[in-house]
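Peer 1: got a structure for you, letters missing:
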C-alpha cells in the first residue's frame, strides 16, 4: 500500500481574475488520485468538513480508487478552500480559507515493510497536525516503510523557526527526497545540487531527486548522479505538476517492489525508467487544467 498524508481543499482556479475551474485538490491528494488512476493501491490520510464539499471530495477519491479509511470528516467544520491565481507563466499563487483549528487526532496505522509513505508540503510542518504526522512517521519508520518526502516549500524558512526544525526532522525520517531548485533555495539558501545533497546526507537521506522547472531533472545518490531532459510543452497550469511527478516515482518504486534498504543503491536501470515516466506524468498535468493525470495515460505509454 502507498500511504499519503496532506490537506484536502477545493481549488478555485483563476486566470486574469476570471474563474476557470473548481477542482478537488491538495498536494498529497493530487498524488493519491494520480496513483489511483495508475492502478496502484493507495490510501489517503486527511481531514474534510461535514458538508457538501466534503462529500464531493470523498466521493471523488472513491471514484478514483483511493482508500478513504483514514479520511477524517469533522461534523462541525467546513471543507477548506484554496484560491489559486495563475500568473503569465501559469504558475499559481494561493490564498487559503480554513476552519480547522484543533489538533488532528492521532492515528494508528498497521504499516508493513512493503508499504510506502509520502509526506509533503506545508501540511507536514503545520503545528496543528505535527503530532499526528510525527507519530505516523515514527510508526512507519519502525516498520521499515520506505519514506518519501517532498517539502514543496513556497517561502523562505529562517533557521530559528519551528517550521525549519520540523523540516530538519522530516529529513531525518526520509529515505528519498524530492526537492525543487526553489525548495533548495528556501531551505538551504542554494540550488547547487552537490551542496544540497551533502546537507541531506547529514540527515541520513539516501537519494535526492532534484527538479528545476523546465530544466533537467537530476538524480543523486552516493553511487550515481544522472540528469534527465525535460521536453518543452505548452503549459496550461502547473497546479499538481510536482504532485504527479511524485506519483510517477512512487508508481515505479511500488511496481519494482523497491524496499527501504535498496534506495541508496538503485541503479541507472531503475532511474532511466522512473524519471522519464514521472516527467511524462507531470507534463500531462501541466497541459490541462486538471490536478491529476489523464485516466488513460497508461494506455498511451509503456512503463
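Peer 2: Good, I have the coordinates. In this text the structure is predicted, and so the values were computed from the model without any measurement. Numbering: from 1, shown residues only.

Peer 1: Any buried residues in stretch 154-166, and which?
Peer 2: Residues of stretch 154-166 classed as buried by neighbour count (16 or more other Cβ atoms under 10 Å): 157, 163, 166. In short, each C-beta sits where N, CA and C put it, glycine included.

Peer 1: Distance from that stretch to the middle of the chain?
Peer 2: 19 Å (Cα atoms, centre = their mean, to the nearest Å).

Peer 1: which non-adjacent residue is nearest residue 137?
Peer 2: residue 173 (4.6 Å; Cβ to Cβ, 6 or more residues apart in numbering).

Peer 1: so how many other residues sit close to the one you found?
Peer 2: Counted with other Cβ atoms under 10 Å, the neighbours of residue 173 add up to 22.

Peer 1: wait, it sits on residue 149?
Peer 2: Yes. Counting by Cβ atoms under 8 Å, residue 149 is a contact partner of residue 173 at 7.2 Å.

Peer 1: overlap in contacts of the two?
Peer 2: residue 119 (Cβ atoms under 8 Å, 6 or more residues apart in numbering).

Peer 1: can you tell me the average pLDDT over stretch 144-151?
Peer 2: The pLDDT scores in stretch 144-151 average 97.

Peer 1: Same question for stretch 82-93.
Peer 2: For stretch 82-93, mean pLDDT rounds to 79.

Peer 1: Show me the contact partners of that stretch.
Peer 2: Under the contact criterion Cβ under 8 Å, 6+ apart, stretch 82-93 has outside partners 9-15, 17, 20, 25-26, 94-97, 235-239, 286.

Peer 1: Let me see the contact set for the spatially closest residue to residue 56 that is not a sequence neighbour.
Peer 2: Using Cβ to Cβ, 6+ apart and skipping residues adjacent in sequence, the residue nearest residue 56 is residue 24, 6.7 Å away. Shown in contact with residue 24 (Cβ under 8 Å, 6+ apart): 8, 10, 11, 33, 56, 57, 60, 61, 291.

Peer 1: after the host helix or strand of residue 24, next one along is what?
Peer 2: Counting by DSSP states H and E, the element that carries residue 24 is strand 18-25. Following strand 18-25 in sequence order, the next helix or strand is helix 27-37 (DSSP H and E).

Peer 1: how far out from the middle of the chain is that following helix?
Peer 2: Centroid displacement of helix 27-37 relative to its chain, using Cα atoms, centre = their mean, is 8 Å.

Peer 1: Check stretch 128-140 too.
Peer 2: The answer for stretch 128-140 is 16 Å, by Cα atoms, centre = their mean.

Peer 1: contacts for that stretch?
Peer 2: 3, 5, 45, 100-109, 111, 115, 117, 119, 123-124, 126, 147, 166, 169-170, 173.

Peer 1: Give the buried subset of these as a ChimeraX selection command.
Peer 2: In ChimeraX, this line selects whichever of those come out buried by 16+ other Cβ under 10 Å:
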select :3,5,45,100,104,109,111,115,117,119,123,124,126,147,166,169,170,173
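
Peer 1: Inside strands: which ones of the contacts of stretch 128-140?
Peer 2: Applying DSSP state E to these, the entries found in strands are 3, 5, 45, 117, 119, 147.
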